[in-house]
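> attaching a predicted model along with its sequence, questions to come.
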Amino acid sequence: MEESSAAAKPKVTLTEATEKDVKKLVAIETAGSTGEMHAPLLREEKWVQYLGTHTVWLIRVARKVVGYLAVQHKSAEHVRVHGVVVLPEQRGVGVESAVLGKFVEEMQAVPRIDLAVHPLHASMQVFKSVGFTEESLHENFYGDGEPRIVMVYE
């Protein structure tokens, strides 16, 4: 997938991650995740398992890997975004919204695209800016004792 550059959004490219990319994914997760809103995947063997159940794309800006997008195809009619992690030095410049915008455009034939986000997560506004709306609040959504808001793309 490739994003055509909009005025304020950087040009991003997405390449599907494979097992040979797990070192990059661990490095992104180590640098880009605070662990406050989700449990980071910090071990290579965990990423190998994760790649067996999720599709993960490496996010590139000017050929440099700056993050990843992880999704799970729940069914032919339902895709869940599980994470967009961007390196700290690339935050605030539109990478997340460019990636999500391109992703939902590519998935337009899928009737339901959703995600679950902690109510205090900074990316709530990014999700809203690309067309996700709040659908419901779930206590203990992932079994970690924390609430999540399910947002759906409309």
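Structure received. Numbers count the residues shown, from 1 in each chain.
> now do the buried residues in the helix or strand bottoming out on mean pLDDT in the chain.
Across the helices and strands of the chain, mean pLDDT, DSSP states H and E gives its lowest value to helix 22-32, namely a mean of 90. For helix 22-32, a neighbour-count test (16 or more other C-beta atoms under 10 Å) marks 22, 25-26, 28-29, 32 as buried. Glycine gets a C-beta too; all of them are placed from N, C-alpha and C.
> now for that helix, which elements pack on it?
helix 44-53, strand 55-61, strand 64-75, strand 78-86 (3 or more C-beta pairs under 8 Å, 6 or more residues apart in numbering; DSSP states H and E).
> where does this structure have low pLDDT?
1-8, 33-40 (pLDDT under 70).
> thinking again about what came up before, can you redo the helices and strands packed on helix 22-32 as TSV with mean neighbour count and distance to T133?
TSV is the format used below for the helices and strands packed on helix 22-32 (neighbours: other C-beta atoms under 10 Å; distance: least, C-beta to C-beta, whole Å):
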stretch	mean neighbour count	distance to T133
helix 44-53	14	27
strand 55-61	20	24
strand 64-75	17	18
strand 78-86	20	14
